[in-house]
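Novice: This is a predicted model, with the sequence first.
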Amino acid sequence: MTYHMTFRGAVVPAEPGQSVGAALVAAGIRDWRSTRRGGRPRGLFCGIGVCFDCLITVDGVPDRRACLTPAADGLHLTDTPGDSASEDPALGGPPRKDPAREDPALGGPPRKDPAPEDPALGRGEMGGGHAPSA
Ligand code: FES
């Protein structure tokens, strides 16, 4: 049995067990979301529910991960705009990372080296990385 979903006015076929994202890609559709900054197209990236690049609106419910949403007969899929809740920390999305704040190479603070604080890692008062003597 083949399912039939709709997206941008077209019928998207899917097989039982397929994800919405897999069905879209199989139908030649590579993007269904745009980024807030720059409006760049997004679709499947990691394919395992980690990156949130594949957010899509399913039957009016926004921010569904297409890679984890099982295809089903009659689903109505629509693009998810870039200002979706999943991208906006003010609306419950993850906090934004500012690379300049985190990367010493970009002016951020130096990374903390756990080794000087942990004698088990072999750095004592000499700081030379020698293993502690017995
Ligand atoms: S493709 Fe990464 S979460 Fe769906």
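Specialist: Structure's in. What do you need?
Novice: Close to the ligand: what parts of this structure are there?
Specialist: Leu44, Phe45, Cys46, Gly47, Gly49, Val50, Cys51, Phe52, Asp53, Cys54, Arg65, Cys67 (Cβ under 6 Å from any ligand atom). The way it works is simple: take the backbone N, C-alpha and C, and place the C-beta from them, glycine included.
Novice: For the closest residue to the last one other than its chain neighbours, give its distance to Leu75.
Specialist: Which is Cys67. Distances taken as Cβ to Cβ, 6 or more residues apart in numbering place Gly21 nearest to Cys67, at 4.3 Å, with adjacent residues excluded. Distance, Gly21 to Leu75, by Cβ to Cβ, to the nearest Å: 12 Å.
Novice: who's more crowded, these two?
Specialist: A side-by-side neighbour count of Gly21 and Leu75, using other Cβ atoms under 10 Å, places Gly21 first with 24 against 21.
Novice: longest helix in the chain, by residue count?
Specialist: helix 20-26 (DSSP state H).
Novice: Residue ranges in this structure under the pLDDT threshold?
Specialist: 81-134 (pLDDT under 70).
Novice: quick revisit: please flag which of the residues of the chain next to the ligand sit within strands.
Specialist: Among the residues of the chain next to the ligand, the members falling in strands are Arg65 (criterion: DSSP state E).
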